[in-house]
Every structure is written in C-alpha cells, then in structure tokens.
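*Asks:* coordinates only, sequence not included:
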RNA sequence: GGCGCGGUAGCCAAGUGGUUAGGCAACGGUUUGCAAAACCGUCACACGUCGGUUCGAAUCCGAUCCGCGCCUCCA
C-alpha cells in the first residue's frame, strides 16, 4: 500500500523500518472540551489507515496521545471551579466514547502528558545542554522558561515548506521580550508555585505545547518511527517544531518520523470548522440525532486529504438536523438491510458451468471487490471503495431477488451471492463499517429514532394490531387510514410473510 | 505579501492522458390488496474560463476568474 507523505509531498509506498511492523503516532485531543466533527475526521481517517495496514498483514502499533496538560485546560477549569486534572480526565473519557461510537478502534497505547513529565524534563535538559535551547529565569517565586532556538536547527521549515525569512516577513509572530528570536518557541513555561504545574530543573512550570509529542513518541516508539499523523493545521507550527526538537536533540537518529500524514478540514459554510470561529458541531450533538456509523460513512465518502463540508439545517420548529448525515444513515440502513436479508436466507451452491448472465454478475462482484481493495491501498481511497460497496450490495440484492423468483437457478445464484457476501463483509470490515451487530444496531436505531420523534413503540404496535384486525375484516379503507396516520409520523409499516413490522424514518 | 488546496451533470462526490465511478433527488417501470423494501431504466457522451501540447485532455502545460486554508490556539 502507499500513502501521501507531507514531507516529500508525494504518494510513496509504505516502507516500514522493520518489515511486517508499523509504528504509528497520531496527535490526539487536548482535553479541555468535548470533541467536534473536526476531531472525528482525524480519528476516522487514521483509524481507516490502521485498518487498511492491518488488512495488509502489518502488525501495527497505534499510539494516540491525550494532551491533558495545557493552558486551555487550566483556563476552562478555572471557569468551572473543577480541578484541571479532573476536567482533563473527564473530557478524555468522553472523547474515547465518541470515537468508539464512530467505529474507531482504541489506540494500542494512549499516553498522557501528565505521565511523561520526567521524559519531557530529560529532553529539554538535553536541548539546553546542546545549546539548542536556552533558559530565561522567571520573576521571583515563579519558575523559569525554556525556549527552543529555532535558528540552531538547520532543517527548520522542511515539513511546512516555510523559510525563516518568510515567517518573519509575515510579521504576525507575537513579540515576546524574553525570546532571543521571535520565532523561538517554549519548551517549558514557568508558573507560580501555587499554580497547576510540576517542579523542574528550571523551577515550577508546565510543558510547552509541542514538546509532549516529541517526548512521548520517543518514549514509546523511539526515533525513526514509521508514521506521524494529525490534522493539516498541525503541520505548522506543531509538527515543524516537533521535528526541530527531536532532531536537534538526537541528530544522529534523524529522521524523527519517516512519513507524515495529514487529514483535511471539515468546513461549515465553506469555512473551517474550529473553536475560534465558533462554528463547530460537537459529536455529542451529532450522536444524539444520528448513528455514529453514519457520520463515519459520510466522512469516508470524501478523500481524507480534501475538504469535507458539514451541513447544518435549522427546521422551522427549531430542531437542528444534519442532512448529509441523515442521507448517510439511510445508506447504512441499506447495507444492514442487505446483510440481514442474506442472513435470513439459505443458499446451496451448485458446481459446474455458470450461465452467461450469472457469470457476468459474478464477474462484476469480483471486479468491484478488487477495485475497492486497490483503491484503499492507494492512499486510502475510501470513497471509491464505498462506491464499489454499493455496486456489490446492488448485485447481491438483485441476485437475492432472482433467487426468490427463479427456483431452477438457485444453485447458480448462490455462487454470486456467496462471492458478494464475502466481498461486502471484507470491505466493510476494512472500512470499519457495520461493526455493530445487526440486532443491536436495529434496536438502538429504533429507540433513537422513536425518541427523536417522540414516538412510543408500544402505541405503534397497538395501531398495527388495530390495522391487522381491520384487514382481517376486509376493511382496507380503515387499514390504509391507520397506515397513512402512522406514515405522517414517520412510521412505515412493512407487510411481510410473517406479519407486519415497522421502521421509523431518519 | 509568502506557501498551499479546490472548482466534475439538479445536489453530494471519486477518478486523473483513450474503455460504465458511486450515491441522493426527480421521473418511468417490475413487485405489492394498498404500501414499504429490493431491483431495472432515464436524467449522464459532466469536468470554472481562455489558449497550448497530443492521433486523442476532465486528466499534461500556460494564463485567467472564483472559493478556501496555513503563516496566530486549532483535528
């Protein structure tokens, strides 16, 4: 498989440092608030990457950190009166819940900054000793700061494609008297003795923003690990600074990371969804209304490096809906319905020559299967894989339709159905879709939709019984009136051979 | 100002030198007591604009118009 590398700006074959193994470090959340759709995009993109890599037989060690020490956490905790570590732990738990709801596997290792202060001290000390960083003493009673000397690292700017002169020409860098150069950035920030922090060789303080990822990735994966991943907004300055720190500290062990992967943004009204613009939608909001798998499918329907727009509609009654996610949820329902139909039927294969019509169908299924796997292997072409998935599902449903109609051809059709089932299950597994068992999905979906629409399932069942009674008396007009009344509430009645069931519309 | 990304049929969205992407909506069918689901067909010989290269360009090159991002906390 191959992936796009931000450092070389090209799609390159994956070449792990140790054959058969893949070490991945992904920048996780700063836990001062609940996650929004932008966080979901990053998590889903790299969960997909890990799934595809594993499907290629690689033993992946997936590390995603939690930044649980940060000024924003402190500020938010002060507002609410909560202790900063308690707030950070609470938000980390909510983040993990949200990501699981999106079908993301838990990371193999989830390091916390608060558990790696010693490693941070050691790295900063090393940088100071080699003159890559300098200490600025703080006021009385306050710890000192440590800054990284950007000009001491020759490769600065290689990831983001920036030159030092251009950065200065930008002239939007905050002027800080204590820095020797405006571009220097903090490795350690001093604080007052009473404030949230840790003692250090430079006095009381907290880590700077970028140092934690350098320290934790080194601690867990060592230098020269395979993949460093995160959102595109982290390229500069975060990842650029990580490279500078790590490679300045251990020049002999460069590169810090072999390949850099970055996901694109989620846009609302063509603008980036972000905290600062205030245009974000939290995952709590989305998951209250929609299936997490629907959001996952929606995100995967767009290439991970391009932009994704996230539409929000306000209905007349004030309710907020997400039309794109509703549509994706119907597609999830289609795929589940197809699988449920498969599970309910028994097929028996026949050997021998396949008639031309069925041979062609089998060929289409196999071609779509191969296309999906090839697309995923080529820089995570999930959208193309999903398109192939619909083709397979369509072929499967057609074959199942014919299986009911053409009894004599059942053995032939069983071969198409068998190949399609295998393909559908394999591709959706790699995509991380349909990971929830059908029965549980059906139950949870019905409960959620009833709750949203304010419906009582028991009352619906009573109406269904009333309609059955009417139909038994050949009073079709009354039966149809009941159907129409329920339909107006978003309840569709499904008449099947074993009675009537219902589904609630998205 | 510097660096970068994108403009594909009514809508969403892949692809990226020659052969059907896919979905949604709409419409017409098959099926159904009526429906739903499922399936078939149509919309679809689409690729911002103008030039150029080529036997052939949505795809490569140049110019240009729009939109967006990063350069400051950010996934």
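*Replies:* Yep, it's here. In this text, all values refer to a predicted model and were calculated from it rather than measured experimentally.
*Asks:* the residue of chain A found nearest RNA strand B - how many residues pack around it?
*Replies:* Closest approach between chain A and RNA strand B, counting by C-beta to the nearest atom of the strand: residue A:231, at 1.8 Å. For the C-beta atoms, the positions are set from N, CA and C on the backbone; glycine is no exception. Residues lying near residue A:231 (other C-beta atoms under 10 Å) number 20.
*Asks:* now the strands for the stretch 251-400 of chain A?
*Replies:* A:257-263, A:266-268, A:271-272, A:308-309, A:313-314, A:320-321 (DSSP state E, counting those that start in this stretch).
*Asks:* any bit of the fourth one sitting next to RNA strand B?
*Replies:* Read it as strand A:308-309. Yes: judged by C-beta under 7 Å from any atom of the strand, strand A:308-309 comes into contact with RNA strand B at A:308-309.
*Asks:* give the pairing partners of that strand; include direction for each.
*Replies:* strand A:266-268 (parallel) (DSSP bridges).
*Asks:* swap in the fifth one?
*Replies:* Paired neighbours of strand A:313-314 in the sheet (DSSP bridges): strand A:320-321 (antiparallel).
*Asks:* helix or strand right after the helix-or-strand element of chain A with minimal mean pLDDT?
*Replies:* Within chain A, confidence by mean pLDDT, DSSP states H and E is lowest for helix A:164-170 among all helices and strands, at a mean of 69. Where DSSP states H and E defines the elements, the next helix or strand beyond helix A:164-170 is strand A:185-190.
*Asks:* list the buried residues in that following strand.
*Replies:* Using 16 or more other C-beta atoms under 10 Å as the test for burial, strand A:185-190 gives A:185-190.
*Asks:* which one of those sits closest to residue A:334?
*Replies:* Nearest to residue A:334 among the buried residues of strand A:185-190 is residue A:185, at 49.5 Å by C-beta to C-beta.
*Asks:* measure that closest one to residue A:37 for me?
*Replies:* 29 Å (C-beta to C-beta, to the nearest Å).
*Asks:* same question, residue A:140
*Replies:* Taken as C-beta to C-beta, the span from residue A:140 to residue A:37 is 46 Å.
*Asks:* who's more crowded, the two?
*Replies:* residue A:37 (23 against 5).
*Asks:* if we can go back for a sec, touching, the residue of chain A closest to RNA strand B and residue A:27? I think so.
*Replies:* Yes: under the criterion of C-beta atoms under 8 Å, residue A:231 makes contact with residue A:27 at 7.4 Å.
*Asks:* mind listing the shared neighbours of these two?
*Replies:* Common contacts of residue A:231 and residue A:27, defined by C-beta atoms under 8 Å, 6 or more residues apart in numbering, comprise residue A:42.
*Asks:* tell me the contacts of the residue lying closest to residue A:326 once chain neighbours are set aside?
*Replies:* Spatial nearest neighbour of residue A:326, chain neighbours left out: residue A:506 (4.7 Å); criterion: C-beta to C-beta, 6 or more residues apart in numbering. Going by C-beta under 8 Å, 6+ apart, residue A:506 touches A:290, A:326, A:329-330, A:333, A:449.
*Asks:* ok, which of those also contact RNA strand B?
*Replies:* Okay, of these touching RNA strand B (C-beta under 7 Å from any atom of the strand), that's residue A:330.
*Asks:* now which of the contacts of residue A:506 would you call buried?
*Replies:* The neighbour count (16+ other C-beta under 10 Å) marks A:290, A:326, A:329, A:333, A:449 as buried among those.
*Asks:* show me what contacts the residue of chain A closest to RNA strand B?
*Replies:* A:27, A:38, A:41-42, A:262-263, A:265.
*Asks:* grab the two from those that are most spread out in space.
*Replies:* Maximum pairwise distance among those (C-beta to C-beta): 14.7 Å, between A:27 and A:265.
*Asks:* I figured residue A:33 was touching residue A:91, is that so?
*Replies:* Yes: using C-beta under 8 Å, residue A:33 is in contact with residue A:91, at 6.4 Å.
*Asks:* okay, the two: which has more neighbours?
*Replies:* residue A:91 (21 against 17).
*Asks:* nearest residue to that one other than its sequence neighbours?
*Replies:* Counting by C-beta to C-beta, 6+ apart, residue A:91 lies nearest to residue A:31, which is 3.7 Å off, once chain neighbours are set aside.
*Asks:* ok, the one you found - contacts?
*Replies:* A:66-68, A:73, A:87-92, A:95.
*Asks:* avg pLDDT for the longest helix anywhere in chain A?
*Replies:* Ranked by residue count under DSSP state H, the longest helix found in chain A is helix A:382-405. Looking at helix A:382-405 alone, the average pLDDT works out to 95.
*Asks:* for it, buried residues please.
*Replies:* A:382, A:384-389, A:391-397, A:399-400, A:402-403.
*Asks:* stretch A:277-288 too?
*Replies:* For stretch A:277-288, a neighbour-count test (16+ other C-beta under 10 Å) marks A:279-283, A:285-287 as buried.
*Asks:* in TSV: those, plus distance to RNA strand B and pLDDT.
*Replies:* Listed next are these as TSV, based on distance: C-beta to the nearest atom of the strand, whole Å; pLDDT from 0 to 100:
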residue	distance to RNA strand B	pLDDT
A:279	9	90
A:280	7	93
A:281	10	94
A:282	12	95
A:283	12	96
A:285	15	95
A:286	14	96
A:287	17	96
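*Asks:* tell me the one of the residues you listed nearest residue A:317?
*Replies:* Among those, residue A:285 lies closest to residue A:317 (C-beta to C-beta), at 16.6 Å.
*Asks:* where does chain A have low pLDDT?
*Replies:* A:168-176 (pLDDT under 70).
*Asks:* okay, domains of it per the record?
*Replies:* Taking automatic domain parsing as the reference, chain A has its domains at A:2-289, A:326-431, A:455-504.
*Asks:* on that earlier part again, in a markdown table: the contacts of residue A:506, plus distance to residue A:106.
*Replies:* A markdown table is the format used below for the contacts of residue A:506 (distance: C-beta to C-beta, whole Å):
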| residue | distance to residue A:106 |
| --- | --- |
| A:290 | 22 |
| A:326 | 28 |
| A:329 | 24 |
| A:330 | 29 |
| A:333 | 26 |
| A:449 | 28 |
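*Asks:* which positions in the stretch 1-150 of chain A make contact with RNA strand B?
*Replies:* A:27, A:29-30, A:38-39, A:41-42, A:72.
*Asks:* report the two of the residues you listed separated the most.
*Replies:* A:41 and A:72 (20.4 Å).
*Asks:* who has more neighbours out of those two?
*Replies:* residue A:41 (26 against 13).
*Asks:* starting at the chain centroid, how far to the helix or strand harbouring the more buried one?
*Replies:* Using DSSP H and E, residue A:41 sits within helix A:37-55. For helix A:37-55, the separation from the chain centroid amounts to 5 Å (computed by C-alpha atoms, centre = their mean, to the nearest Å).
*Asks:* cool, and stretch A:205-215?
*Replies:* The chain centroid and the centroid of stretch A:205-215 are separated by 24 Å under C-alpha atoms, centre = their mean.
*Asks:* that one: end-to-end distance?
*Replies:* This stretch, stretch A:205-215, spans 17 Å end to end (C-alpha to C-alpha, to the nearest Å).
*Asks:* buried stuff in it?
*Replies:* Neighbour count says stretch A:205-215 has A:205-215 buried, by 16+ other C-beta under 10 Å.
*Asks:* which ones among the residues you listed lie within strands?
*Replies:* The members of those that map onto strands under DSSP state E are A:205-207.
*Asks:* quick check: residue A:49 touching residue A:226?
*Replies:* No: counting by C-beta under 8 Å, residue A:49 sits too far from residue A:226 to count as a contact (11.0 Å).
*Asks:* identify the contacts common to those two.
*Replies:* By C-beta under 8 Å, 6+ apart, the residues touching both residue A:49 and residue A:226 are residue A:24.
*Asks:* where's residue A:458, which helix or strand?
*Replies:* helix A:457-472.
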